[in-house]
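sequence and predicted structure are below.
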Amino acid sequence: MNRGLYAACSAMLVQETNLDVVANNLANVDTAGFRRRVSANAEFSALMDRLEKISEDGETKITTYPPFSMNWRGKQVIGGMALANIYSESYMDTQPGVVKTTDAPFDAVIDGPGFFAVQDGAGNTYYTRQGNFLVGPEGTLVTMDGWELQGDGGPIAVEEGSSAEILNNGQVLVDGEVVGQITLFTFENPTYLRQVGRNGLTPNDDSGGPVPVENVRLVPGALESSNVSVVEEMVRMIEAQRAYEGASKALMTHDETTGRLISSFGRP
């Protein structure tokens with residue numbers, strides 16, 4: 001087995017996925033509240049050299065063994081592939097975006113950590129930093145994707161009135177009367193939240209479950225931009241493209257070398 005071919009191919013797959021992540025960030029540079037994602041790679045052996053055991057109480061426990069522990073008839077199966085990298089996951093950058101004043105009655109920025117809770121038509125709950133809401137067909141506050149903003153009693157119904165606004169404590173007023181209270185949620189490890197759609201986030205075991213924020217603090221009449229830097233993402237794109245080209249050339253070199261070896265030593 002020519003391990004050089006596998007190592008070069010692995011590098012190309014990693015950079016291809018990195019380009020997908022960068023492209024997604026650039027596509028959402030103008031999406032309000034979007035948090036950019038960063039790729040994370042891992043060594044091939046680090047993922048292969050571990051054994052998953054499930055305890056009696058149902059909790060999954062990962063036991064990691066030293067490298068090169070996978071033997072077959074006394075031979076090390078992984079071999080030189082331990083030096084190869086593979087794509088592991090992408091994590092969310094939690095740095096806040098730039099705040100812009102809009103003076104729109106249903107625009108709000110979360111002051112500090114936290115996420116709005118929104119719900120789609122199928123009843124699935126997601127979390128987002130996108131704070132530009134509008135009145136939906138059902139008379140409730142919804143996101144640009146039509147997901148209903150959740151308050152302490154469910155969707156926030158905004159009846160027709162001469163004036164409406166969101167206060168800095170999360171209360172929603174219509175003609176001076178409170179019609180709902182916006183609730184916020186935090187997570188133990190928000191960087192592990194998974195992206196759903198353009199700007200929705202869903203929790204998992206790594207991020208932990210949603211925890212309600214006790215003191216809601218908002219900045220009404222403003223909007224948080226994405227934290228994507230076009231210059232940084234373009235630099236990352238160029239780096240990934242150059243790395244992909246280098247791995248591609250290495251793959252072709254190994255392939256040509258293997259072909260010459262077969263031609264030279266494969267003759268009867």
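Cool, the structure landed. Numbers count the residues shown, from 1 in each chain.

shaky segments in this structure?
Along the chain, segments meeting pLDDT under 70 span 1-3, 41-88, 161, 266-268.

what's the domain layout of it?
With domains defined by automatic domain parsing, the chain comprises 3-95+230-265, 99-224.

most tightly packed of those domains?
domain 99-224 (a mean of 17; mean count of other C-beta atoms under 10 Å). All C-beta atoms are positioned from the backbone trio N, CA, C, and that covers glycine.

for that one, measure first residue to last.
Start-to-end span of domain 99-224 (C-alpha to C-alpha, to the nearest Å) is 4 Å.

identify the residues contacting stretch 118-125?
If you take C-beta atoms under 8 Å, 6 or more residues apart in numbering as the criterion, stretch 118-125 is touched by 117, 126-128, 142-143, 145-150, 155, 200.

out of the residues you listed, which sit inside strands?
Ala117, Tyr126, Tyr127, Thr128, Val142, Glu148, Leu149, Gln150, Pro155, Gly200 (DSSP state E).

which one of these is nearest Ser248?
Of all the ones in strands among the contacts of stretch 118-125, Ser248 sits closest to Gly200, with 35.3 Å by C-beta to C-beta.

apart from its chain neighbours, what residue comes closest to that closest one?
In space, and not counting its chain neighbours, Gly200 is closest to Tyr126: 3.7 Å by C-beta to C-beta, 6 or more residues apart in numbering.

got a list of what the one you found touches?
Ala117, Val118, Gln119, Asp120, Trp147, Val196, Gly197, Gly200, Leu201, Thr202.

pretty sure the first one sits against Gln150.
Yes: counting by C-beta atoms under 8 Å, Ala117 sits close enough to Gln150 to count as a contact (4.1 Å).

identify the contacts common to the two.
With C-beta under 8 Å, 6+ apart, Ala117 and Gln150 have common neighbours Thr125, Thr183.

and the helix or strand where Ala7 lies, what does it pack against?
Following DSSP states H and E, one finds Ala7 within helix 3-27. For helix 3-27, the packing partners by 3 or more C-beta pairs under 8 Å, 6 or more residues apart in numbering; DSSP states H and E come out as strand 37-43, strand 85-92, helix 230-265.
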